[in-house]
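Colleague: Below are the sequence and a predicted model for it; my questions follow.
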Amino acid sequence: MDLLPQRDILGVQVVAIDRASAFDLLAQRISARRFTKVGFLNAFSANVANENDAFRAAMADFLVLPDGFGVDIASKALYGAQFPENLNGTDFVPALIQHLPGTLTIGLIGSVRDNVEAAADRLARMAPQHHFEVISDGFFDQAGEAGILARLKHTPVDILLVAMGVPRQEFWIERLSSCHTTLAIAVGALFDFLSGAVPRAPQWMRGARLEWLFRLIIEPRRLWARYIVGNPLFLARLGRQWMRERVGR
């Protein structure tokens with residue numbers, strides 16, 4: 001069993017490893033056919049975990065990677081150091097797929113039909129050694145879900161990318177097992193970015209850890225609560241965790 005360094009951020013255990021180590025770990029899991037659920041923690045999902053006991057419990061069974069400036073602030077405050085690397089899913093997942101050797105079958109599920117199909121085409125150009133299958137968009141009913149699970153059980157994929165937003169995608173991954181896939185990854189808005197439907201921040205903003213601000217500028221109506229309300233709330237909750245841990249020592 002892996003003994004991975006972890007840090008508790010608002011009740012979620014986040015793995016403290018760099019990108020190369022994460023690549024090697026996941027490559028080993030795929031090679032060994034060891035079923036693994038992968039998620040990412042940022043300030044928004046940390047807030048959801050703090051408010052939603054079921055989501056926080058689900059994340060305990062995920063390999064959770066650090067995503068964004070907020071969790072780095074939390075790590076610095078609580079543990080005296082930032083995470084070794086920012087492993088945000090939008091950059092990490094395509095890079096992981098490009099890195100993995102051999103020929104893998106990678107399934108995509110989530111977003112809208114045009115975006116998931118365009119994302120599959122983009123990934124196929126980025127990593128031509130693998131085979132990409134669009135399993136479904138993210139709009140299906142209970143009967144459709146049963147059909148998707150039956151299809152995956154009949155013809156499992158090596159990696160399944162699930163893009164349904166937090167926390168739906170993590171709860172959906174909870175339904176999966178090794179008979180469906182080896183690696184199930186919650187990827188958020190990845191398909192929307194890969195398809196070009198949603199633009200990425202310019203490189204200088206990403207380097208300055210301001211991608212959240214760019215997203216707020218281009219989608220203010222949808223994201224204002226996540227950032228304008230959510231970021232200060234995350235910092236307040238972080239402060240409470242910091243105080244509890246200092247009092248408990």
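Modeller: Yes, it's here.
Colleague: Name the residues that touch stretch 212-223?
Modeller: 68-69, 198-202, 205, 224, 227-228, 231 (Cβ atoms under 8 Å, 6 or more residues apart in numbering). The C-beta positions use only the backbone N, C-alpha and C, and glycine is treated the same way.
Colleague: how about a cut-off of 10 Å?
Modeller: 42-44, 68-70, 189, 198-202, 205-206, 210, 224, 226-228, 230-231 (Cβ atoms under 10 Å, 6 or more residues apart in numbering).
Colleague: need the longest helix for the protein.
Modeller: helix 230-248 (DSSP state H).
Colleague: Show me what counts as buried in that one.
Modeller: For helix 230-248, burial by neighbour count (16 or more other Cβ atoms under 10 Å) applies to 230-231, 233-234, 237-238, 241.
Colleague: which among the contacts of stretch 212-223 end up buried?
Modeller: 42-44, 68-70, 189, 198, 201, 205-206, 226-227, 230-231.
Colleague: residue contacts, residue 234?
Modeller: Residue 234 touches 9-10, 42-47, 50, 70-71, 73-74, 227, counting by Cβ under 10 Å, 6+ apart.
Colleague: roughly how far apart are the residue nearest to it when sequence neighbours are not counted and residue 130?
Modeller: Once flanking residues are discounted, residue 234 sits nearest to residue 43: 4.2 Å by Cβ to Cβ, 6 or more residues apart in numbering. Per Cβ to Cβ, to the nearest Å, residue 43 is found 32 Å from residue 130.
Colleague: same thing with residue 113?
Modeller: 21 Å.
Colleague: still on that earlier bit, pLDDT on the longest helix of the chain, on average?
Modeller: Averaging pLDDT along helix 230-248 gives 93.
Colleague: For that helix, what is the distance to the chain centroid?
Modeller: Helix 230-248 has its C-alpha centroid displaced from the chain centroid by 23 Å (Cα atoms, centre = their mean, to the nearest Å).
Colleague: Same check on stretch 174-181?
Modeller: 17 Å.
Colleague: Same check on stretch 53-66?
Modeller: Counting by Cα atoms, centre = their mean, stretch 53-66 comes out at 11 Å from the chain centroid.
Colleague: Buried ones in it, by neighbour count?
Modeller: 55-56, 58-59, 62-66.
Colleague: In which helix or strand does residue 64 reside?
Modeller: Using DSSP states H and E, residue 64 falls within strand 63-66.
Colleague: Quick check: what element follows that strand along the chain?
Modeller: helix 69-79.
Colleague: by contact count, what packs against that next one?
Modeller: strand 6-9, strand 12-15, strand 36-41, helix 43-51, strand 63-66, helix 211-218, helix 230-248 (3 or more Cβ pairs under 10 Å, 6 or more residues apart in numbering; DSSP states H and E).
Colleague: want to throw those into JSON lines with distance to residue 145?
Modeller: Formatted as JSON lines, the helices and strands packed on helix 69-79 follow (distance: least, Cβ to Cβ, whole Å):
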{"stretch": "strand 6-9", "distance to residue 145": "31"}
{"stretch": "strand 12-15", "distance to residue 145": "26"}
{"stretch": "strand 36-41", "distance to residue 145": "17"}
{"stretch": "helix 43-51", "distance to residue 145": "22"}
{"stretch": "strand 63-66", "distance to residue 145": "24"}
{"stretch": "helix 211-218", "distance to residue 145": "29"}
{"stretch": "helix 230-248", "distance to residue 145": "29"}
